[in-house]
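In: Turn this into a structure:
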Amino acid sequence: MELTAMDIYKLLPKTNCGRCGESSCMAFATKLLEKKKKIEDCPLLSGAEKEKLEELLAPAVKEITFGKGKKKVTIGGDEVLYRYQLTFYNPTALAIDVTDEENFMEKVKRLEKFEIERTGEKLTLDAIALRNKSNDPEKFAKAAEKLKNSKYPLILCSFNSKSMEAALKVVGDERPIIYAATEENIDEMAELAKKYDCPLVLFVQSDLEKMKELSRKLRNLGVEDIILDPGTLVGEAIGDTLDNFTMIRRLAIEEKDDDFRFPIMGVPALARMYSADEIEKGIREAMVAAALINRYADILILRGTEVWELLPVLTLRQSIYTDPRKPQAVDPGLYEFGKVDENSPVIITTNFSLTYYTVEGDLKSGKANCYLLVLDTGGKAVDVSVAGGQFNGKAVADLIKETGIEEKVKHRTLIIPGLAASVSGEIEDETGWKVVVGPRDSSELPDFLEKKAIA
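Out: Residues are numbered from 1 along each chain as shown. This is a model prediction of the structure:
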C-alpha cells in the first residue's frame with residue numbers, strides 16, 4: 001500500500017510546536033513524504049516512535065554512500081519502479097575504468113577536468129574504477145596510492161582478496177567500493193568490508209537464486225552495505241542482462257525482498273570486447289550504458305572517455321533524474337546578450353530550460369547583441385505553450401511592462417520564434433508592437449539578426 005502523509009503523522013508528536021520549521025506536524029509529515037525534511041528535524045522524536053518512522057520511511061532500495069567528504073557519492077534510495085509515480089533521487093554514478101598496468105595519471109587528470117554544461121547543470125563523472133589487471137597485490141596497492149588524492153572516490157576491482165587487502169591498507173580510510181565478492185571469496189571479502197567499513201559488490205553471473213543465497217549470507221556475516229552485480233552480458237545476450245536488472249528491482253520494490261533491496265551495478269565497459277574498431281567500441285558501450293540506466297542501474301563502470309561517447313549517457317542520466325512533476329524552467333524576465341543599446345533587437349522565448357539554454361548558447365556562439373525576453377510558460381516549450389495558451393498576447397504584453405524593455409529601446413519591434421507565428425497578430429494587438437516572425441531554429445538567430453533591419 002502506498003505511504004501517505006497521514007501514515008507518517010500518526011507517528012509524530014502532534015504538538016505543532018513549530019521547532020521543525022513547519023507550521024504543524026501534518027505539514028512536517030508532508031515534507032517528510034516529499035523528502036524535503038529529515039526525521040532529525042523534529043527534536044521531539046525519539047525511542048520506539050522514531051525507530052518506527054525510520055523503518056516506515058526507509059526506501060525500498062537501500063541508500064549507500066562511498067567516498068568521504070567532498071568525494072562522497074550516494075547511490076540507491078529508489079522507492080518506485082516508474083519515474084512518473086514519484087521521481088528517482090540519486091542519479092546513476094558513472095565510473096571510468098583504469099588498470100594497474102597502465103600509466104593512468106594523465107587520463108585521470110583529464111577526467112577530473114571533464115565537465116559539460118547543459119540546461120544550466122554541470123554534467124560530470126563520479127568515480128574511478130581501478131582494476132587489478134596484473135593480479136599483483138603490490139602493483140594494485142601502488143596504483144591505489146597514486147589515486148588517493150584524486151577528486152573522485154574509488155572502486156577497487158579485484159577478485160583477489162590479497163590484492164584487495166593490500167589496496168585497502170592504503171586507501172581503506174577513503175571508503176572505496178570493494179568489487180567484488182563471489183561464491184569463492186565471499187568470506188574473505190566480507191571480512192575486509194567490515195574491517196574497513198566499505199560497501200561490497202556481490203557478483204553473481206546470471207543466477208538470481210544464487211545471488212539471493214549469497215546476499216543473505218553477506219548480511220548474516222554482518223555486511224550491511226551491499227551492491228548487486230548480476231553480470232553485464234552484451235551482444236545477443238543483452239536481453240538477459242536487462243531482465244536480471246528489472247527482476248532485481250521488482251523484487252526489491254514490489255516484493256520487499258530483503259536479499260535484493262540494494263543498488264545495482266553494471267559494467268558497460270565489457271561491450272568493448274566485442275569489436276576491434278574504436279568507434280564501434282564506443283558506440284556499443286554507450287548503447288549498453290543507456291540501456292542499463294533505463295533498467296535501474298545505480299552505478300556503471302565505463303572505459304571510453306571521449307566526449308561523443310559520454311555525452312549521450314550523461315544527457316540521458318540528466319533527463320531521467322529530474323522530477324517529472326516539476327517542469328524544468330528558468331526565471332522569466334529580461335536578459336542581455338553582448339553589447340546592447342537603444343537600437344538593439346528584442347527577442348522573446350519561453351522559460352523551458354532546454355529552450356532557454358539552447359537559445360542562450362546559439363546567441364553567445366553567434367556573438368549576437370540583443371535583448372531576450374523570457375516568458376513564464378510554466379516550463380513549457382514554444383510549440384507546447386502556444387498550443388496550451390500560455391504563449392499569448394496578454395502574457396507578452398504583461399512581460400513587456402514588467403521588464404521595462406520599452407524604456408531601454410526606442411523601437412517597438414519584437415522578434416518571436418517561428419513556432420509561435422500563429423499568435424503574432426494577437427501579440428501585436430495586445431502590445432502595440434510590430435511582430436517579426438523569426439526562424440524556427442534558434443541556431444539561425446545570429447544570422448537573422450544581422451540581416452534583419454529593425455523597422
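In: And the helices in the stretch 301-450 of the chain?
Out: Secondary structure of the stretch 301-450 of the chain by DSSP state H, counting those that start in this stretch: the helices cover 307-320, 353-365, 382-388, 393-403, 424-431, 445-451.
In: Dump the ones you listed into a markdown table; add mean neighbour count as well.
Out: In this view, the C-beta of every residue, glycine as well, is placed from N, C-alpha and C. As requested, the helices of the stretch 301-450 of the chain are arranged in a markdown table below (neighbours: other C-beta atoms under 10 Å):
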| stretch | mean neighbour count |
| --- | --- |
| helix 307-320 | 17 |
| helix 353-365 | 19 |
| helix 382-388 | 18 |
| helix 393-403 | 17 |
| helix 424-431 | 17 |
| helix 445-451 | 16 |
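In: For Pro137, find the nearest of those.
Out: helix 307-320 (31.8 Å; C-beta to C-beta).
In: pLDDT averaged over that closest one - what is it?
Out: The pLDDT scores in helix 307-320 average 93.
In: now it: how far from the chain's centre is it?
Out: Taking C-alpha atoms, centre = their mean, to the nearest Å, the mean C-alpha location of helix 307-320 is offset from the chain mean by 10 Å.
In: what angle separates that helix from helix 353-365?
Out: Angle of helix 307-320 versus helix 353-365, following axes from the mean of the first three to the mean of the last three C-alpha atoms, to 10 degrees, is 140 degrees.
In: And helix 307-320, what does it pack against?
Out: In terms of contacts (3 or more C-beta pairs under 8 Å, 6 or more residues apart in numbering; DSSP states H and E), helix 307-320 is packed against strand 93-99, strand 116-118, strand 121-123, helix 278-293, strand 299-302.
In: Relative to the last one, what are the paired strands and their orientations?
Out: Based on DSSP bridges, the strands next to strand 299-302 in the sheet, each with its direction, are strand 93-99 (parallel), strand 265-266 (parallel).
In: can you list the residues that contact it?
Out: For strand 299-302, contacts defined as C-beta atoms under 8 Å, 6 or more residues apart in numbering pick out 75, 92-97, 127, 129, 155, 157, 177, 227, 263-269, 285, 289, 292-293, 309-310, 313.
In: That strand - what's its average pLDDT?
Out: Averaged across strand 299-302, pLDDT comes to 98.
In: need the contact list for the residue nearest in space to the middle of the chain.
Out: By C-alpha atoms, centre = their mean, the chain has its centre lying nearest to Pro91, at 3.4 Å. Contact analysis of Pro91 by C-beta under 8 Å, 6+ apart lists 317-318, 320-321.
In: now do Cys25
Out: By C-beta under 8 Å, 6+ apart, Cys25 lies in contact with 9, 12-16.
In: Mind doing that once more with 6 Å?
Out: 12, 14, 16 (C-beta atoms under 6 Å, 6 or more residues apart in numbering).
In: Need the buried ones from those selected in ChimeraX.
Out: Buried subset of those, written as a ChimeraX selection, criterion 16 or more other C-beta atoms under 10 Å:
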select :12
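In: Could you export the contacts of Cys25 to a markdown table, including columns for pLDDT?
Out: Formatted as a markdown table, the contacts of Cys25 follow (pLDDT from 0 to 100):
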| residue | pLDDT |
| --- | --- |
| Leu12 | 91 |
| Lys14 | 90 |
| Asn16 | 93 |
